[in-house]
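Okay, predicted coordinates and the sequence, questions at the end:
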Amino acid sequence: MRFDGQTEEAYTYEYGTNGRVMRLTDTVLQRVTESEYDLAERPMRIRHRTASGTHLYTGEVTYNGYNELSAFREKVGTSGSYETAFTYDNESKPTVITYGDTAHDEGLNHRGRDHHSFHVFHQEQGWEACPGNAPDQEGKPVVS
């Protein structure tokens, strides 16, 4: 792909046997993005690195036997890794989200929606609200 009269390709694409893009190279920014899929053709891993191989970002997901997202792991640059794990009830609704070593279950499935981070943020602010409620002029959610 070329832009504005460029003589060289700005992006190059490589495809896997599944027909999906497995590697995208940005020749202008000198960055490479690699994508991997599991045997069920679900996204499994994405990696961003410089053309010289320096790690920028890796995101990886795993699924349980019910095809539900069970964990999301990230590594950014040379910093530590971060993991979020998910637990579900018998109806495939998320019941616990674990960030690192901390499990959170308050606010999940309220009104049939997962709005944990919204709920916890507003709980810390002393507000009781649902994400479907529009904020008032001060930015606080309107409680129904």
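Happy to help now that I have it. Residues are numbered from 1 along each chain as shown.

From Thr58, how far off is Thr78?
Between Thr78 and Thr58 the distance is 12 Å, computed by CB to CB, to the nearest Å. Using the backbone N, CA and C atoms, a C-beta is placed for each residue, glycine as well.

out of those two, which sits in the more crowded spot?
Neighbour totals were compared for Thr78 and Thr58, and Thr58 leads with 17 against 8 (other CB atoms under 10 Å).

Confirm that that one sits in a strand.
Yes: applying DSSP: H, G, I helix; E, B strand; the rest coil, one finds Thr58 inside a strand.

pretty sure Thr84 belongs to a strand, no?
Yes: assessed by three-state DSSP, Thr84 belongs to a strand.

check contacts around it.
71-73, 97-99 (CB atoms under 8 Å, 6 or more residues apart in numbering).

which residues of this structure score low on pLDDT?
1-3, 6, 101-144 (pLDDT under 70).

repeat that with 80
1-8, 100-144 (pLDDT under 80).

Could you pull out the strands in it for me?
11-15, 21-26, 31-37, 43-50, 55-63, 69-76, 81-88, 94-99, 102-104 (DSSP state E).
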